[in-house]
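# Pasting the sequence and the predicted coordinates here, then a few questions.
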Amino acid sequence: MNIVDLFCGCGGLSLGFETAGFDVVAGYDNWTAAINVYKENFNHAINQLDLSNVEEACRHISAYKPNMIIGGPPCQDFSSAGLRNEDNGRGNLTLCYARIISNIRPGWFVMENVATITKTNKLVGAKAIFKETGYGLTQIVLNAALCGVPQKRKRFFLIGKLRTEDDFLLPYILQNLSKKEMTVKDYFGDKIDVEYYYRHPRSYARRGVFSVNEPSPTIRGVNRPIPAGYPIHANDPVDSLEGIRPLSTKERSMIQTFPDTFRFIGSKSEIEQMIGNAVPVNLGKFVATAIKDYIDDH
């Protein structure tokens, strides 16, 4: 099965599907820094292309004869971290993604995004395009901590298969969910040398210190040191900041379940941003495994 990854970023979803045994033949993105990292870590083609040009994109992607298209159109306009204006422009890329799928008509597609996309008109429009093209749809918001990722990160997935009933994949997803959230300590074991660490909050109304004995909060695109005069929050599990540090860039990438051998290049801000933007590798693998189990049964 030939798989093409659109809006692939540095490759979290690609690597997840490859780890599950699928054959990713090409990636597409328009961010040079992420493309450079993708090139460092994958042997297949990576193409720089503005995917808002649907006609050109379809012509280019069709050459790979994909049986499945996967991808996560940029989510900043839907994210609770921003102003959440779905009409800012990037939200339109969700509709472009749907139109590309509709034109190429691969047997399968997977669309990933932030959980708050469920409240948008852009998702309604995209789903209408998919249904008109003949796809059965399975829609779910997954907590990554129940899918082999040591991080409480909620992500939306829409999986489509041509000429199939809706919710066809739901039993395969639900049967594989863990009954317990994975903690940082569960994942790292003795590879992490702290019990508590700092993650910069969006405001001091939120806590900034976390234990390795719980899932990490969502890895964001920024990684800041503890500011002078940080006021210990009532929900911080410590009384003192002594010995507490932010996670390193490598540790943050590993909480996103990139392997230790995955190579990140570029400026520090670019690397931190692409790590924060990425689909956790094991979350991609979890969805890919559900698809593989379905295919094996059919």
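Ah, there it is. Numbers count the residues shown, from 1 in each chain.
# show me where the stretch 101-250 of the chain has helices.
With helices called from DSSP state H, counting those that start in this stretch, the stretch 101-250 of the chain shows them at 121-133, 170-174, 184-188, 249-255.
# for those, which one ends up most surrounded?
Neighbour counts (mean count of other CB atoms under 10 Å) averaged over each of those peak at helix 249-255, with a mean of 20. Any C-beta I mention is one placed from the backbone N, CA and C, and that applies to glycine too.
# So what touches it?
149-151, 184, 187-188, 192, 216, 219, 223, 247, 260, 262, 264, 268, 271-272, 275-276 (CB atoms under 8 Å, 6 or more residues apart in numbering).
# ok, now with 6 Å
150, 151, 216, 219, 275 (CB atoms under 6 Å, 6 or more residues apart in numbering).
# Over to stretch 166-182?
With contact meaning CB under 6 Å, 6+ apart, stretch 166-182 is reached by 136, 137, 138, 140, 145, 146, 150, 159, 215, 290, 293, 294.
# Going by neighbour count, which residues of that stretch are buried?
168, 169, 172, 173, 181, 182 (16 or more other CB atoms under 10 Å).
# remind me, longest helix of the chain?
Secondary structure assigned by DSSP state H gives helix 281-297 as the longest helix of the chain.
# just how off-centre is it within its chain?
15 Å (CA atoms, centre = their mean, to the nearest Å).
# Next: stretch 46-56.
Offset of stretch 46-56 from its chain centre (CA atoms, centre = their mean): 20 Å.
# Endpoints of that stretch, how far apart?
Stretch 46-56 has its terminal residues 16 Å apart, counting by CA to CA, to the nearest Å.
# what comes up buried for that stretch?
For stretch 46-56, burial by neighbour count (16+ other CB under 10 Å) applies to 46, 47, 51, 52, 54.
# Please apply the same query to stretch 13-32.
For stretch 13-32, the neighbour count (16+ other CB under 10 Å) marks 13-20, 22, 24-29, 31 as buried.
# got CSV for the buried residues of stretch 166-182, with distance to residue 72 and pLDDT too?
As requested, the buried residues of stretch 166-182 are exported to CSV (distance: CB to CB, whole Å; pLDDT from 0 to 100):
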residue, distance to residue 72, pLDDT
168, 21, 98
169, 18, 98
172, 21, 98
173, 17, 98
181, 22, 98
182, 21, 98
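# With distance to residue 104 added, can I get those residues in a markdown table?
Compiled in a markdown table, the buried residues of stretch 166-182 are given as follows (distance: CB to CB, whole Å):
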| residue | distance to residue 104 |
| --- | --- |
| 168 | 20 |
| 169 | 20 |
| 172 | 24 |
| 173 | 25 |
| 181 | 37 |
| 182 | 36 |
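# Send me stretch 184-196 as PDB with only the CA atoms.
What follows is stretch 184-196, C-alpha atoms only, in PDB (Å, rounded to 0.1, in the frame of the first residue of the first chain):
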ATOM      1  CA  VAL A 184       6.700  10.000  31.900                       C
ATOM      2  CA  LYS A 185       8.400   7.500  34.200                       C
ATOM      3  CA  ASP A 186       6.600   4.600  32.600                       C
ATOM      4  CA  TYR A 187       8.100   5.600  29.200                       C
ATOM      5  CA  PHE A 188      11.600   6.800  30.300                       C
ATOM      6  CA  GLY A 189      12.300   4.400  33.100                       C
ATOM      7  CA  ASP A 190      15.800   5.300  34.500                       C
ATOM      8  CA  LYS A 191      16.600   7.500  31.500                       C
ATOM      9  CA  ILE A 192      15.300  10.600  33.200                       C
ATOM     10  CA  ASP A 193      17.200  12.000  36.200                       C
ATOM     11  CA  VAL A 194      14.500  14.200  37.800                       C
ATOM     12  CA  GLU A 195      11.300  13.600  39.700                       C
ATOM     13  CA  TYR A 196       9.800  17.000  39.000                       C
END
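# Name the nearest residue to residue 187, ignoring sequence neighbours.
residue 150 (3.8 Å; CB to CB, 6 or more residues apart in numbering).
# Residue 93 now?
residue 73 (4.2 Å).
# if I pick that neighbour, what's in contact with it?
Residues near residue 73 by CB under 6 Å, 6+ apart: 7, 93, 94, 97.
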